[in-house]
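Novice: Give me a model of this one.
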Amino acid sequence: MKRIIYYLVILGVAFTSCDPNEDIYKEIDAIEKPIVGNDDYTLTSEDYDDLGLTFGSFSSEVIIFY
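Specialist: The predicted model follows:
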């Protein structure tokens, strides 16, 4: 019987422990005007040079931006 009570106490402590990210979530929720929206960007010839690609076409289907 004593072991069962200890197991229940340990289990209760595990489920009622604090949330370490609670402060972070409160700071995020406190932001009044979050940045939200969409943006379009058209690649220029300099962008193709920086990516090491030829203008107007890609050398592969996978593009990695650094």
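
Novice: Work out the gap between whichever strand or helix holds residue 3 and the centre of the chain.
Specialist: Assigned by DSSP states H and E, residue 3 belongs to helix 2-15. Put simply, helix 2-15 sits 35 Å off its chain's centre (CA atoms, centre = their mean, to the nearest Å).

Novice: Same question for that helix: list its buried residues.
Specialist: Within helix 2-15, no residue counts as buried by 16 or more other CB atoms under 10 Å. Bear in mind the C-beta positions are built from the backbone N, C-alpha and C, glycine included.

Novice: ditto for stretch 40-58
Specialist: Applying 16+ other CB under 10 Å to stretch 40-58 flags no residue as buried.

Novice: Tell me how confident the model is about it, as a mean pLDDT.
Specialist: If you average the pLDDT over stretch 40-58, you get 73.

Novice: I'd like to know how far residue 39 sits from residue 51.
Specialist: 19 Å (CB to CB, to the nearest Å).

Novice: now swap in residue 17 and tell me
Specialist: Per CB to CB, residue 17 is found 48 Å from residue 51.

Novice: And for residue 12?
Specialist: From residue 12 across to residue 51, the span is 56 Å (CB to CB).

Novice: which residues does residue 42 contact?
Specialist: Contact analysis of residue 42 by CB atoms under 8 Å, 6 or more residues apart in numbering lists nothing.
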